[in-house]
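[1] Show me the folded form of this:
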Amino acid sequence: MAGYGLQIDQAIEEGSIVGPKIYSANSIISPTGGHADLHYVHKPWYDDACAHGMPFQTADGVDECLKAVRMQLRAGANVIKICGSGGVGSERDNPVDQQFSDEEIKAMVDEAARARRIVGAHCHGKPGIMASLKAGVKTIEHGSYMDEEAADLMKKNDAILVATRLIVENGLAQREFFTPVGFAKLEVVAKAQWQAMQLAISKGVKCAIGTDSCGTIPGNELIAQGLNGKELHYHVKAGMTPRQAIEAATANGPLTLGPMAPKSGQLKEGYDADFIGVDENPLQDIKVLIGPRHISHVWRRGVCYKSPGHPVSFM
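    Here you go, the predicted structure:
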C-alpha cells in the first residue's frame, strides 16, 4: 500500500528474484502538508525525489487529485492509496484530523472506479474514516478512532478494516526510533487503536491482515523479514478465533483489491496454488505462524520452493 512493490513484482515475474506475487498501490497520495508529505524536507527537494521514483505524491484540489490517481494508474497500480487523516510518523499533522476534503476523496474514488480500481485510505481519526467511507473508500488502514457509528457504516458499505497492530506494538517497544513528540503521539493512538480493533472484531466488521511493516532493519529483532504472522496473534488477542485470523490473512486479502482481486487466498480448484505447510496446528496456537521456524513447505504457483531436507529453491 505504497512502496516499490511494482518494481519488485516486475523483477519477480521476470525471474530475477524469487518472491510472492505483489499487488501494489505504487505511491501514496497526500495533500500538501499531509501525512505522506515529508514535512522537514525542502519542498522542491521532496517534489524532485517524487519525480524520480520516491513512492509519495502530493495533490491539492480536485484536478490535482484526479491527475494523481491517473499517474498511479499509468505506473500500473493495482489499487489506490490515499491519506484520509493525519498520522503518527508525520509530526506536523494530527492523526485525528481529516486531510483531503470530501470532494477530493470522492473525485479520487470515482476516478479509480473508472479503471476498476478501489481506494484504500490511511485513516486514524473518525472524521477521515467517515468521510472516506461516505465517498466509497473500500479499505480503512489503521482505523484507530473508529467508534460504533463508524463500525456500523463499515458493515453497511461492506468495507474492510486493515488494523495493522504489528507496527504499533513494534513502535511502542522502540522508543529510541521516535522523537519525544512522535512517541507521545504513538502512545495516544496505540490505546485508541487497540480499543477500535476490539470493537470492530466484536461487531463483525470485515477484516484483512496487514502489518504496515515490511523489509528488515539489520540488527533489529522486531523489524525483520518473516515476522508478519505476528499480526494474526494480535488479532486473536483482540477477539478473533485462530480460524478467523487465518481467514483474514488469506481469503480476505484479495478482497482489498476489489475488481483487481486474483483468485487467491483459498485452497480451491482454479485458484492460485500459493500456500504454506506448517509442522504444528495454528488453530491450537496461532503463534505457530510467527516467524519461519514452523514453516515446513512453501509453494508458489504450484512450485515447491521449500520442503524438509531441501534448501530453499531459487528456480
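
[2] In the lengthiest helix in the chain, which residues are buried?
    Determined from DSSP state H, the single longest helix within the chain is helix 180-203. Across helix 180-203, burial judged by 16 or more other CB atoms under 10 Å covers 182-183, 185-186, 189-190, 192-194, 196-197, 199-201. No exception for glycine: its C-beta is placed from N, CA and C like everyone else's.

[3] Can you work out which other helices and strands pack against that helix?
    Secondary-structure packing of helix 180-203 (3 or more CB pairs under 8 Å, 6 or more residues apart in numbering; DSSP states H and E): helix 148-157, helix 165-172, helix 230-237.

[4] contact partners of the following helix or strand past that helix?
    Sequence-wise, the next helix or strand downstream of helix 180-203 (DSSP states H and E) is strand 206-207. Residues outside strand 206-207 that contact it (CB atoms under 8 Å, 6 or more residues apart in numbering) are 154-155, 158-163, 200-201, 235, 240, 248, 252, 255.

[5] Now that we have these, which of them are buried?
    Buried among the contacts of strand 206-207 (16+ other CB under 10 Å): 154, 159-163, 200-201, 235, 240, 248, 252, 255.

[6] And the helices and strands packed on helix 180-203, which one averages the lowest pLDDT?
    Set side by side, these give their lowest mean pLDDT on helix 165-172, at a mean of 92.

[7] Tell me which residues are up against that helix.
    If you take CB under 8 Å, 6+ apart as the criterion, helix 165-172 is touched by 88, 177-178, 183, 186-187, 189-190, 193-194, 197, 211-213, 222-223, 227-228, 230-231, 234-235, 238.

[8] Then stretch 56-66?
    Stretch 56-66 is contacted by residues 2, 27-32, 34, 36-38, 46-47, 49-50, 67-68, 71-72, 100, 103-104, 107-108, 111 when judged by CB under 8 Å, 6+ apart.

[9] Helices - which of these land there?
    Using DSSP H, those in helices are 46-47, 49-50, 67-68, 71-72, 103-104, 107-108, 111.

[10] which two from these end up farthest apart in space?
    49 and 103 (28.1 Å; CB to CB).

[11] what mean pLDDT does the longest helix of the chain have?
    What helix 180-203 shows for mean pLDDT is 95.

[12] got the angle for that helix vs helix 148-157?
    Between helix 180-203 and helix 148-157, the angle comes out at 60 degrees (axes from the mean of the first three to the mean of the last three CA atoms, to 10 degrees).

[13] Could you list the low-confidence segments of this protein?
    The model of the chain has pLDDT under 70 over residues 214-216, 219, 221-222, 311-315.

[14] Do a quick rundown of the strands in it.
    28-30, 56-58, 80-83, 119-123, 139-142, 160-162, 206-207, 275-278, 295-300, 303-306 (DSSP state E).

[15] Got the phi and psi for residue 99?
    In terms of degrees, to the nearest 10, the main-chain angles of residue 99 are phi -100, psi -80.

[16] hmm, back to that, ChimeraX command to pick out the buried ones of the contacts of stretch 56-66?
    The ChimeraX selection below is limited to those of the contacts of stretch 56-66 classed as buried (16+ other CB under 10 Å):
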select :2,27,28,29,30,31,34,36,37,38,46,50,68,71,72,100,104,107,108,111
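
[17] Nearest to residue 119 among the contacts of strand 206-207?
    residue 159 (10.7 Å).

[18] I figured that closest one hits residue 135, correct?
    No: using CB atoms under 8 Å, residue 159 is not in contact with residue 135; the gap is 11.1 Å.

[19] For residue 236, grab the count of nearby residues.
    20 (other CB atoms under 10 Å).

[20] Please report how far it lies from residue 285.
    Going from residue 236 to residue 285 by CB to CB, to the nearest Å gives 10 Å.

[21] any shared contact partners between those two?
    Counting by CB under 8 Å, 6+ apart, the contacts common to residue 236 and residue 285 are residue 242.

[22] Next, format the buried ones among the contacts of strand 206-207 as a markdown table and append distance to residue 262.
    Output for these, formatted as a markdown table (distance: CB to CB, whole Å):
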| residue | distance to residue 262 |
| --- | --- |
| 154 | 24 |
| 159 | 20 |
| 160 | 16 |
| 161 | 21 |
| 162 | 17 |
| 163 | 23 |
| 200 | 25 |
| 201 | 26 |
| 235 | 23 |
| 240 | 24 |
| 248 | 17 |
| 252 | 13 |
| 255 | 11 |
